[in-house]
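> Quick one: sequence plus predicted model below, questions after.
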Amino acid sequence: MGACQKDFESAVNQVKLLKKDPGNEVKLKLYALYKQATEGACNTPKPGLFDLINKAKWDAWNALGNLPKETARQNYVDLVSGLRSSSDSSSQVKPEADKKRAGYDTLVITSEDCITKIMLNRPAKKNALTTQMYREIMLALEAASKDDSTITVFTGNGDYYSSGNDLTNFTDIPPGGIEEKAKNSAILLRDFVDCFIDFPKPLVAVVNGPAVGISVTILGLFDLVYASDRATFHTPFSHLGQTPEGCSSYTFPKIMGPAKAVEMLIFGKKLTAGEAYAQGLVTEVFPDSTFQKEVWTRLKAYSKLPQNAMHISKQIIRNHEKEKLHAINAEESRILQERWLSDECMNAVMDFFSRKAKL
Ligand SMILES: CCCCC/C=C/C(=O)SCCNC(=O)CCNC(=O)[C@H](O)C(C)(C)COP(=O)(O)OP(=O)(O)OC[C@H]1O[C@@H](n2cnc3c(N)ncnc32)[C@H](O)[C@@H]1OP(=O)(O)O
């Protein structure tokens, strides 16, 4: 069976995460297959003799002749899968003694007491989510879904849980321009949120401090949300010229009722932990001074419950609306792709950077 568009898009994202540089020859192959899969046979004029890099790329693409798009897509997926397994097997020699998982630059992942903890680890930037971080989180969730833990926990290192999307993501524009950037970001967003929708085990957020943007919206897809009384919950989408994501356009009205969801998602009302608890977004609030101790004692007890029963219960609860959530995620991502190209959004991002520049 040929690779579907989703396999292809996921392979495109995986390439950026390869731990080892695959070398120029393989990179040219990847480039050529990508172009063939997305645009078909080479259709651009041959670059000049001295434009060495672009000529090598053109030659690689042109050499694929009339290879059908679907075959190119499949070959791309196969090539990436081969690259991934060789880079995985080269990292298997690492000693297992340390429970901290290697291979993540932006996360700290540990497993203890049948709990896998995924900690966002950019405290100096308030755990703002970079493109690399979204990708590492997806990989971490995939690994956690298959490891022998019973529950998976998300938390933040430092004084913030997360300040949401790293606004510098908007400044890294690819050769295809802002349209390509918006398209890639929408694919990344959809894939990222899909991982939360499909995650098979109980997923717990330990919200250690303020949470902004997407780190708030995806809470609607978690099974438990424990918050320190220092935490706040803020979704300033209109201020940023943006619209809700993480399925919050559906989960928030369902959790807190339409009136309260509108206050957050359209008017950007920031909630205290107590307010978020009163509105059903948070399961329980703890005093900051005893937060870690109380939460981890509770989670350790939960993690000893029979694993299969917990996982099957989660599936029953989630399966009722999985399809709906995927459709909502796709729609929210599509709408955001347009918003990111709007003057409102671009001006808001520029405002953030000019405010920083004035400090
Ligand atoms: C591809 C998928 C896209 C999904 C769509 C997602 C949408 C969202 O998540 S929308 C929400 C986006 N987030 C924000 O708008 C927050 C922006 N940040 C702030 O407003 C503030 O930084 C703060 C309120 C979070 C914290 O303020 P403060 O306590 O005054 O701390 P600093 O501003 O000095 O922050 C320290 C350091 O961290 C940098 N930083 C913090 N958050 C972000 C961010 N979201 N993006 C980029 N950079 C961030 C901040 O600039 C400071 O950096 P330095 O000046 O270099 O120290």
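Noted; the coordinates are in hand. Remember, predicted model here, so these are calculated numbers, not experimental data.
> Could you report the neighbour count for whatever residue of the stretch 201-350 of the chain ends up closest to the ligand?
In the stretch 201-350 of the chain, the residue found nearest to the ligand is residue 213; the distance is 2.1 Å by C-beta to the nearest ligand atom. C-beta: built from backbone N, CA, C; applies to glycine. If you count neighbours by other C-beta atoms under 10 Å, residue 213 ends up with 24.
> Check the one 4 residues further on too.
Using other C-beta under 10 Å as the criterion, residue 217 is surrounded by 25 other residues.
> Same check on residue 239?
Look at residue 239: counted by other C-beta under 10 Å, it has 14 neighbours.
> ok so, going back, please look at the residue of the stretch 201-350 of the chain closest to the ligand and residue 163 and confirm they touch.
Yes: using C-beta atoms under 8 Å, residue 213 makes contact with residue 163 at a distance of 7.3 Å.
> what's the following helix or strand after the helix or strand hosting residue 143?
Using DSSP states H and E, residue 143 sits in helix 131-146. Per DSSP H and E, the first helix or strand lying C-terminal to helix 131-146 is strand 151-156.
> Now do that next one, average pLDDT.
Throughout strand 151-156, pLDDT has a mean value of 98.
> tell me which residues in the helix or strand just after it are buried?
Counting by DSSP H and E, the element after strand 151-156 in chain order, helix or strand, is helix 177-198. Across helix 177-198, burial judged by 16 or more other C-beta atoms under 10 Å covers 181-182, 184-197.
> roughly how far is helix 177-198 from the heart of the chain?
Remark: helix 177-198 is offset 8 Å from the chain centroid, using C-alpha atoms, centre = their mean, to the nearest Å.
> Please report phi then psi for the residue in the stretch 1-150 of the chain positioned nearest to the ligand.
Closest to the ligand within the stretch 1-150 of the chain is residue 128: 3.5 Å, counting by C-beta to the nearest ligand atom. Backbone torsions of residue 128, given as degrees, to the nearest 10, read phi -60, psi 140.
> Would you confirm that it contacts residue 158?
No: using C-beta under 8 Å, residue 128 is not in contact with residue 158; the gap is 11.4 Å.
> and those two? which has more neighbours close in?
Using other C-beta under 10 Å, the more surrounded residue of residue 128 and residue 158 is residue 128, with 21 against 17.
> Not counting its neighbours along the chain, what's nearest the more buried one?
Closest residue to residue 128 apart from its sequence neighbours, by C-beta to C-beta, 6 or more residues apart in numbering: residue 166 at 3.8 Å.
> Next, the contact list for the residue lying closest to residue 173 once chain neighbours are set aside, please.
Spatial nearest neighbour of residue 173, excluding adjacent residues (C-beta to C-beta, 6+ apart): residue 181 at 5.3 Å. When the contact criterion is C-beta atoms under 8 Å, 6 or more residues apart in numbering, the partners of residue 181 are 170, 172, 173, 174, 340.
> what would those look like in a markdown table with neighbour count and distance to residue 209?
Shown next, in a markdown table, are those (neighbours: other C-beta atoms under 10 Å; distance: C-beta to C-beta, whole Å):
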| residue | neighbour count | distance to residue 209 |
| --- | --- | --- |
| 170 | 20 | 24 |
| 172 | 10 | 27 |
| 173 | 11 | 31 |
| 174 | 11 | 33 |
| 340 | 23 | 27 |
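> what's the closest of those to the ligand?
For those, the residue nearest the ligand by C-beta to the nearest ligand atom is residue 340; the value is 8.3 Å.
> Just give the number of residues close to the residue nearest to residue 168 when sequence neighbours are not counted.
Leaving aside its sequence neighbours, residue 168 sits nearest to residue 130 (C-beta to C-beta, 6+ apart; 7.5 Å). Neighbourhood size, residue 130 [other C-beta under 10 Å]: 17.
> Could you tell me which residues of the stretch 1-150 of the chain lie near the ligand?
Neighbours of the ligand within the stretch 1-150 of the chain, by C-beta under 6 Å from any ligand atom: 125, 126, 128.
> Please tabulate the residues you listed in CSV, including the columns pLDDT.
What follows is these, written out as CSV (pLDDT from 0 to 100):
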residue, pLDDT
125, 97
126, 98
128, 98
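> just curious, which of these is nearest to residue 291?
Closest approach to residue 291 among those (C-beta to C-beta): residue 126, at 18.0 Å.
> Let me see the contact set for the closest one.
By C-beta under 8 Å, 6+ apart, the neighbours of residue 126 are 158, 159, 160, 162, 163, 210.
> tell me the mean pLDDT over stretch 325-336?
In this model, stretch 325-336 carries a mean pLDDT of 98.
> now swap in stretch 191-211 and tell me
So the average pLDDT for stretch 191-211 ends up being 98.
> Is there any residue in that stretch that contacts the ligand?
No: using C-beta under 6 Å from any ligand atom, stretch 191-211 stays clear of the ligand, coming no nearer than 6.6 Å.
> For the residue in the stretch 51-200 of the chain that the ligand sits nearest to, which non-adjacent residue is closest in space?
Of all residues in the stretch 51-200 of the chain, the one sitting closest to the ligand is residue 164 (2.7 Å; C-beta to the nearest ligand atom). In this structure, residue 164 finds its nearest non-sequential neighbour in residue 213, 2.4 Å apart by C-beta to C-beta, 6+ apart.
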